[in-house]
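Asker: coords please:
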Amino acid sequence: MRRLAGWLLAAGLVVAAAGGAARAEAVAGAATPDFRAAVALWLADDEAAALPALAVLAAGGNAAAQMLLGLIDKAPEQQGPWLGARSREARIGLLRAPGGLSGRSWMRVAAAQGVGLAELWVELWDVAAAPDIVLRFARAGEPRAAREAGVVLAKRERRGFGEMAGDPAFPAALRPFAWAEWAGEGGGASERIAADLAALHPGDPHRGLWAAPPPPAALEDWLLSAGEALPVAAFCRAECPGSAGSCARAAYGALGNPLSLDTLGSPSETLIPAADYASSPRGRAALVRRIHLIGPGRVRMRLLAAAAETDGCFAARLEAGWARY
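Answerer: Purely as a prediction, here's the structure:
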(Lines give C-alpha, C1' and ligand atoms only; values in the text may rest on other atoms or scores of the structure.)
Protein backbone atom coordinates (compact mmCIF):
# COMPACT_ATOMS: atom_id res chain seq x y z
CA MET A 1 0.00 0.00 0.00
CA ARG A 2 2.82 2.43 0.88
CA ARG A 3 4.58 1.55 -2.36
CA LEU A 4 1.45 2.30 -4.38
CA ALA A 5 1.10 5.65 -2.60
CA GLY A 6 4.70 6.41 -3.51
CA TRP A 7 4.02 5.57 -7.15
CA LEU A 8 1.12 7.99 -7.16
CA LEU A 9 3.24 10.75 -5.67
CA ALA A 10 6.01 10.20 -8.21
CA ALA A 11 3.74 9.93 -11.24
CA GLY A 12 3.67 13.72 -11.45
CA LEU A 13 0.37 14.22 -13.26
CA VAL A 14 -1.31 17.61 -12.97
CA VAL A 15 -4.76 17.14 -11.43
CA ALA A 16 -6.87 20.15 -12.30
CA ALA A 17 -9.51 21.37 -9.82
CA ALA A 18 -8.68 19.85 -11.66
CA GLY A 19 -17.05 -6.12 -23.79
CA GLY A 20 -15.85 -5.82 -27.18
CA ALA A 21 -13.35 -3.79 -29.11
CA ALA A 22 -13.04 -0.15 -28.14
CA ARG A 23 -14.89 2.29 -30.37
CA ALA A 24 -12.97 5.37 -31.49
CA GLU A 25 -15.23 8.42 -31.51
CA ALA A 26 -15.08 10.72 -34.53
CA VAL A 27 -14.22 14.33 -33.73
CA ALA A 28 -15.37 17.09 -36.06
CA GLY A 29 -12.46 18.50 -38.05
CA ALA A 30 -10.09 15.59 -37.41
CA ALA A 31 -10.07 14.47 -41.04
CA THR A 32 -9.62 17.89 -42.63
CA PRO A 33 -6.39 18.42 -44.61
CA ASP A 34 -5.49 21.54 -42.61
CA PHE A 35 -5.75 19.71 -39.29
CA ARG A 36 -3.81 16.67 -40.53
CA ALA A 37 -1.09 18.98 -41.88
CA ALA A 38 -0.85 20.80 -38.54
CA VAL A 39 -0.65 17.48 -36.68
CA ALA A 40 2.13 16.31 -39.01
CA LEU A 41 4.10 19.46 -38.20
CA TRP A 42 3.52 18.97 -34.48
CA LEU A 43 4.64 15.33 -34.63
CA ALA A 44 7.77 16.53 -36.42
CA ASP A 45 8.34 18.71 -33.33
CA ASP A 46 7.93 21.90 -35.34
CA GLU A 47 6.00 23.89 -32.75
CA ALA A 48 6.70 27.20 -34.48
CA ALA A 49 4.62 26.10 -37.48
CA ALA A 50 2.19 23.67 -35.85
CA LEU A 51 0.85 25.59 -32.86
CA PRO A 52 -0.11 28.79 -34.71
CA ALA A 53 -1.84 26.66 -37.35
CA LEU A 54 -3.76 24.73 -34.70
CA ALA A 55 -4.69 28.00 -32.97
CA VAL A 56 -6.16 29.38 -36.20
CA LEU A 57 -8.14 26.17 -36.74
CA ALA A 58 -9.41 26.17 -33.17
CA ALA A 59 -10.54 29.79 -33.46
CA GLY A 60 -12.37 28.82 -36.66
CA GLY A 61 -14.37 26.13 -34.84
CA ASN A 62 -12.35 22.99 -35.59
CA ALA A 63 -13.18 20.76 -32.60
CA ALA A 64 -10.21 18.42 -33.19
CA ALA A 65 -7.79 21.35 -33.02
CA GLN A 66 -9.55 22.62 -29.92
CA MET A 67 -9.19 19.23 -28.22
CA LEU A 68 -5.52 18.84 -29.12
CA LEU A 69 -4.62 22.32 -27.90
CA GLY A 70 -6.58 21.72 -24.70
CA LEU A 71 -4.57 18.56 -24.05
CA ILE A 72 -1.22 20.16 -24.89
CA ASP A 73 -2.08 22.99 -22.50
CA LYS A 74 -2.63 20.52 -19.64
CA ALA A 75 0.48 18.37 -20.25
CA PRO A 76 3.87 20.07 -19.72
CA GLU A 77 5.74 17.17 -21.36
CA GLN A 78 3.87 17.94 -24.61
CA GLN A 79 5.27 21.47 -24.63
CA GLY A 80 8.62 21.91 -26.32
CA PRO A 81 11.39 24.50 -25.98
CA TRP A 82 10.01 26.82 -28.68
CA LEU A 83 6.74 27.20 -26.79
CA GLY A 84 8.59 27.55 -23.49
CA ALA A 85 10.55 30.48 -24.88
CA ARG A 86 7.40 32.46 -25.72
CA SER A 87 6.00 35.06 -23.35
CA ARG A 88 3.12 34.14 -21.07
CA GLU A 89 0.73 36.15 -23.22
CA ALA A 90 1.93 34.43 -26.38
CA ARG A 91 1.54 30.98 -24.84
CA ILE A 92 -2.00 31.80 -23.74
CA GLY A 93 -2.81 33.06 -27.22
CA LEU A 94 -1.54 29.86 -28.81
CA LEU A 95 -3.03 27.30 -26.44
CA ARG A 96 -6.25 28.83 -25.08
CA ALA A 97 -9.46 30.45 -26.21
CA PRO A 98 -10.03 34.13 -25.40
CA GLY A 99 -11.70 34.86 -22.06
CA GLY A 100 -10.80 35.87 -18.53
CA LEU A 101 -7.34 36.81 -17.32
CA SER A 102 -5.62 33.63 -18.54
CA GLY A 103 -7.82 32.52 -21.39
CA ARG A 104 -10.21 29.59 -21.46
CA SER A 105 -9.41 25.97 -22.22
CA TRP A 106 -10.27 25.06 -25.80
CA MET A 107 -11.37 21.69 -24.39
CA ARG A 108 -14.26 23.40 -22.65
CA VAL A 109 -15.21 25.10 -25.91
CA ALA A 110 -15.28 21.73 -27.68
CA ALA A 111 -17.29 20.18 -24.85
CA ALA A 112 -19.81 22.99 -25.09
CA GLN A 113 -20.25 22.03 -28.75
CA GLY A 114 -21.22 18.50 -27.68
CA VAL A 115 -17.96 16.68 -28.54
CA GLY A 116 -18.20 13.54 -26.42
CA LEU A 117 -14.48 13.04 -25.80
CA ALA A 118 -14.09 16.67 -24.81
CA GLU A 119 -16.97 16.24 -22.37
CA LEU A 120 -15.12 13.31 -20.81
CA TRP A 121 -11.96 15.37 -20.29
CA VAL A 122 -13.87 18.27 -18.77
CA GLU A 123 -15.62 15.81 -16.47
CA LEU A 124 -12.28 14.31 -15.38
CA TRP A 125 -10.95 17.76 -14.52
CA ASP A 126 -13.85 18.16 -12.09
CA VAL A 127 -13.03 16.75 -8.64
CA ALA A 128 -16.49 15.14 -8.57
CA ALA A 129 -15.75 12.84 -11.53
CA ALA A 130 -17.17 9.34 -11.03
CA PRO A 131 -14.84 6.30 -11.17
CA ASP A 132 -16.62 4.84 -14.20
CA ILE A 133 -15.04 7.56 -16.33
CA VAL A 134 -12.12 5.13 -16.61
CA LEU A 135 -14.35 2.64 -18.43
CA ARG A 136 -15.95 5.33 -20.56
CA PHE A 137 -12.55 6.54 -21.81
CA ALA A 138 -11.53 2.95 -22.55
CA ARG A 139 -14.74 2.22 -24.46
CA ALA A 140 -14.25 5.42 -26.46
CA GLY A 141 -10.97 4.07 -27.84
CA GLU A 142 -8.73 6.08 -25.50
CA PRO A 143 -6.73 3.54 -23.44
CA ARG A 144 -4.00 5.98 -22.41
CA ALA A 145 -6.59 8.49 -21.25
CA ALA A 146 -8.34 5.70 -19.34
CA ARG A 147 -5.11 4.93 -17.50
CA GLU A 148 -4.54 8.62 -16.77
CA ALA A 149 -8.08 8.92 -15.46
CA GLY A 150 -7.41 6.03 -13.10
CA VAL A 151 -4.23 7.61 -11.75
CA VAL A 152 -5.99 10.96 -11.29
CA LEU A 153 -8.89 9.35 -9.43
CA ALA A 154 -6.52 7.33 -7.24
CA LYS A 155 -4.71 10.53 -6.29
CA ARG A 156 -8.07 11.88 -5.23
CA GLU A 157 -8.49 8.74 -3.09
CA ARG A 158 -11.59 7.68 -5.00
CA ARG A 159 -12.72 4.06 -4.70
CA GLY A 160 -14.42 1.74 -7.14
CA PHE A 161 -11.46 0.08 -8.86
CA GLY A 162 -12.19 -3.27 -7.24
CA GLU A 163 -15.72 -3.28 -8.62
CA MET A 164 -14.63 -2.19 -12.10
CA ALA A 165 -11.80 -4.73 -12.35
CA GLY A 166 -14.14 -7.43 -13.69
CA ASP A 167 -15.18 -5.32 -16.67
CA PRO A 168 -13.42 -6.28 -19.94
CA ALA A 169 -12.76 -2.58 -20.62
CA PHE A 170 -10.90 -2.05 -17.34
CA PRO A 171 -7.21 -1.26 -18.07
CA ALA A 172 -4.91 -3.99 -16.82
CA ALA A 173 -2.39 -1.35 -15.73
CA LEU A 174 -4.85 -0.10 -13.10
CA ARG A 175 -5.27 -3.46 -11.40
CA PRO A 176 -2.92 -2.51 -8.51
CA PHE A 177 -5.61 -0.05 -7.39
CA ALA A 178 -8.11 -2.90 -7.37
CA TRP A 179 -5.67 -5.04 -5.36
CA ALA A 180 -5.39 -2.29 -2.76
CA GLU A 181 -9.17 -2.20 -2.36
CA TRP A 182 -9.50 -6.00 -2.24
CA ALA A 183 -6.75 -6.21 0.39
CA GLY A 184 -8.74 -3.87 2.60
CA GLU A 185 -11.88 -5.98 2.27
CA GLY A 186 -10.44 -9.41 3.14
CA GLY A 187 -12.58 -12.39 2.14
CA GLY A 188 -10.22 -14.19 -0.21
CA ALA A 189 -8.39 -11.09 -1.40
CA SER A 190 -5.04 -12.88 -1.33
CA GLU A 191 -6.29 -15.54 -3.72
CA ARG A 192 -7.74 -12.96 -6.12
CA ILE A 193 -4.54 -10.94 -6.12
CA ALA A 194 -2.44 -14.08 -6.59
CA ALA A 195 -4.55 -15.06 -9.59
CA ASP A 196 -4.04 -11.61 -11.12
CA LEU A 197 -0.29 -11.75 -10.53
CA ALA A 198 -0.07 -15.19 -12.14
CA ALA A 199 -1.74 -13.83 -15.27
CA LEU A 200 0.77 -10.99 -15.70
CA HIS A 201 3.78 -11.11 -18.00
CA PRO A 202 6.82 -12.14 -15.90
CA GLY A 203 8.43 -8.77 -16.64
CA ASP A 204 5.40 -6.60 -15.93
CA PRO A 205 6.59 -4.00 -13.38
CA HIS A 206 3.06 -3.62 -11.99
CA ARG A 207 3.65 -6.88 -10.12
CA GLY A 208 6.21 -5.04 -7.98
CA LEU A 209 3.45 -3.82 -5.64
CA TRP A 210 2.71 -7.27 -4.23
CA ALA A 211 5.62 -9.40 -5.40
CA ALA A 212 9.32 -9.12 -6.12
CA PRO A 213 10.24 -6.75 -8.97
CA PRO A 214 10.84 -8.58 -12.26
CA PRO A 215 14.38 -9.57 -13.24
CA PRO A 216 16.11 -7.29 -15.79
CA ALA A 217 15.76 -9.60 -18.80
CA ALA A 218 12.04 -10.12 -18.22
CA LEU A 219 11.51 -6.40 -17.63
CA GLU A 220 13.25 -5.58 -20.90
CA ASP A 221 11.05 -8.06 -22.75
CA TRP A 222 7.89 -6.47 -21.31
CA LEU A 223 9.09 -2.92 -22.02
CA LEU A 224 9.73 -3.78 -25.67
CA SER A 225 6.38 -5.54 -26.17
CA ALA A 226 3.66 -4.11 -23.90
CA GLY A 227 1.21 -1.53 -25.16
CA GLU A 228 1.68 0.65 -22.09
CA ALA A 229 5.42 0.81 -22.80
CA LEU A 230 5.13 1.70 -26.51
CA PRO A 231 6.64 5.20 -26.07
CA VAL A 232 9.74 3.72 -24.42
CA ALA A 233 10.10 0.91 -26.95
CA ALA A 234 9.72 3.29 -29.90
CA PHE A 235 12.24 5.72 -28.41
CA CYS A 236 14.87 3.07 -27.81
CA ARG A 237 14.44 1.31 -31.15
CA ALA A 238 14.87 4.65 -32.94
CA GLU A 239 17.57 6.25 -30.79
CA CYS A 240 19.54 3.28 -29.41
CA PRO A 241 18.87 0.33 -31.76
CA GLY A 242 22.05 -1.45 -30.70
CA SER A 243 21.00 -1.53 -27.04
CA ALA A 244 17.21 -1.23 -27.17
CA GLY A 245 16.63 -3.55 -24.20
CA SER A 246 18.99 -1.86 -21.76
CA CYS A 247 17.88 1.54 -23.10
CA ALA A 248 14.27 0.66 -22.26
CA ARG A 249 15.29 -0.48 -18.80
CA ALA A 250 17.23 2.77 -18.25
CA ALA A 251 14.22 4.80 -19.41
CA TYR A 252 11.93 2.92 -17.05
CA GLY A 253 14.36 3.44 -14.19
CA ALA A 254 14.44 7.17 -14.89
CA LEU A 255 10.64 7.39 -15.00
CA GLY A 256 10.64 5.72 -11.60
CA ASN A 257 7.44 3.67 -11.58
CA PRO A 258 4.88 2.04 -13.88
CA LEU A 259 2.28 4.77 -13.34
CA SER A 260 4.54 7.35 -14.99
CA LEU A 261 4.99 4.93 -17.88
CA ASP A 262 1.26 4.15 -18.12
CA THR A 263 0.33 7.78 -18.67
CA LEU A 264 2.85 8.52 -21.43
CA GLY A 265 1.75 8.54 -25.04
CA SER A 266 -0.54 10.20 -27.53
CA PRO A 267 -2.65 12.99 -26.01
CA SER A 268 -5.65 11.47 -27.80
CA GLU A 269 -5.46 8.18 -29.66
CA THR A 270 -8.59 9.16 -31.55
CA LEU A 271 -6.77 12.15 -33.02
CA ILE A 272 -3.25 10.65 -33.21
CA PRO A 273 -2.80 6.86 -33.21
CA ALA A 274 -0.53 5.63 -30.43
CA ALA A 275 2.08 4.13 -32.76
CA ASP A 276 2.27 7.27 -34.92
CA TYR A 277 2.82 9.42 -31.87
CA ALA A 278 5.34 7.12 -30.18
CA SER A 279 7.53 6.89 -33.29
CA SER A 280 7.52 10.65 -33.92
CA PRO A 281 10.12 13.25 -32.86
CA ARG A 282 7.43 14.84 -30.64
CA GLY A 283 6.71 11.54 -28.93
CA ARG A 284 10.39 10.91 -28.27
CA ALA A 285 10.85 14.47 -27.00
CA ALA A 286 7.91 14.04 -24.61
CA LEU A 287 9.57 11.03 -22.96
CA VAL A 288 12.75 13.04 -22.36
CA ARG A 289 10.75 16.02 -21.11
CA ARG A 290 8.67 13.88 -18.70
CA ILE A 291 11.90 12.75 -17.03
CA HIS A 292 13.25 16.32 -17.10
CA LEU A 293 10.20 17.47 -15.15
CA ILE A 294 10.65 14.94 -12.33
CA GLY A 295 12.77 17.27 -10.23
CA PRO A 296 15.33 20.10 -10.10
CA GLY A 297 18.89 19.98 -11.37
CA ARG A 298 20.34 17.83 -8.60
CA VAL A 299 17.58 15.24 -9.05
CA ARG A 300 18.11 15.21 -12.81
CA MET A 301 21.85 14.68 -12.39
CA ARG A 302 21.19 11.67 -10.16
CA LEU A 303 18.77 10.29 -12.72
CA LEU A 304 21.30 10.83 -15.51
CA ALA A 305 24.06 9.07 -13.56
CA ALA A 306 21.80 6.11 -12.83
CA ALA A 307 20.74 5.92 -16.49
CA ALA A 308 24.38 5.93 -17.61
CA GLU A 309 25.07 2.88 -15.43
CA THR A 310 22.36 0.97 -17.28
CA ASP A 311 22.70 2.26 -20.83
CA GLY A 312 25.14 4.91 -22.02
CA CYS A 313 23.23 5.57 -25.23
CA PHE A 314 20.02 6.41 -23.40
CA ALA A 315 21.90 8.65 -20.97
CA ALA A 316 23.48 10.54 -23.87
CA ARG A 317 20.10 11.03 -25.56
CA LEU A 318 18.60 12.15 -22.26
CA GLU A 319 21.34 14.72 -21.67
CA ALA A 320 21.07 16.05 -25.23
CA GLY A 321 17.30 16.35 -24.93
CA TRP A 322 17.52 18.21 -21.63
CA ALA A 323 19.99 20.67 -23.17
CA ARG A 324 17.19 21.92 -25.45
CA TYR A 325 15.50 23.41 -22.39
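
Asker: Wait, Leu120 touches Arg139, no?
Answerer: No - between Leu120 and Arg139 there is no contact under C-beta atoms under 8 Å: 10.3 Å. The way it works is simple: take the backbone N, C-alpha and C, and place the C-beta from them, glycine included.

Asker: higher neighbour count, the two?
Answerer: Leu120 (22 against 18; other C-beta atoms under 10 Å).

Asker: shaky segments in this structure?
Answerer: 1-25, 187 (pLDDT under 70).

Asker: 50 instead, please
Answerer: Scanning the chain for pLDDT under 50 picks out 14-24.

Asker: mind listing the strands for it?
Answerer: Remark: strands assigned in the chain by DSSP state E are 96-97, 104-105.

Asker: Can you tell me which of the ones you listed is most buried?
Answerer: strand 96-97 (a mean of 22; mean count of other C-beta atoms under 10 Å).

Asker: which strands and helices sit next to that strand?
Answerer: helix 63-74, strand 104-105, helix 106-112 (3 or more C-beta pairs under 8 Å, 6 or more residues apart in numbering; DSSP states H and E).

Asker: Check the offset of that strand from the chain's centre.
Answerer: 22 Å (C-alpha atoms, centre = their mean, to the nearest Å).

Asker: Describe which strands that strand pairs with in its sheet and in which direction.
Answerer: If you go by DSSP bridges, strand 96-97 pairs up with strand 104-105 (antiparallel).

Asker: What's the local residue count around Arg290?
Answerer: Arg290: 22 neighbours (other C-beta under 10 Å).

Asker: again with the one 3 residues further on
Answerer: Counted by other C-beta under 10 Å, the residues lying close to Leu293 total 12.

Asker: Which residue lies closest in space to it, excluding its sequence neighbours?
Answerer: Once flanking residues are discounted, Leu293 sits nearest to Pro76: 5.8 Å by C-beta to C-beta, 6 or more residues apart in numbering.

Asker: wouldn't the one you found be in contact with Ile294 here?
Answerer: No - here Pro76 does not reach Ile294: they are 11.3 Å apart, not a contact under C-beta under 8 Å.

Asker: ok, which stretches of the stretch 201-325 of the chain are helices?
Answerer: For the stretch 201-325 of the chain, the helices defined by DSSP state H, counting those that start in this stretch cover 216-223, 230-239, 244-255, 258-262, 274-278, 281-292, 297-310, 312-323.

Asker: residues near the residue lying closest to Ala229 once chain neighbours are set aside, how many?
Answerer: Closest residue to Ala229 in three dimensions, ignoring its sequence neighbours and counting by C-beta to C-beta, 6+ apart: Leu223, at 4.6 Å. Neighbour count for Leu223, taken as other C-beta under 10 Å: 26.

Asker: can you tell me which residues contact Leu223?
Answerer: By C-beta atoms under 8 Å, 6 or more residues apart in numbering, Leu223 lies in contact with 203, 229, 232-233, 245, 248-249, 251-252.

Asker: Include distance to Gly166 when you put the helices and strands packed on strand 96-97 into TSV, please.
Answerer: Putting those into TSV (distance: least, C-beta to C-beta, whole Å) gives the following:
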stretch	distance to Gly166
helix 63-74	30
strand 104-105	34
helix 106-112	30
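
Asker: Kindly compare burial across those and name the winner.
Answerer: Most buried among the helices and strands packed on strand 96-97, counting by mean count of other C-beta under 10 Å: helix 63-74, with a mean of 26.
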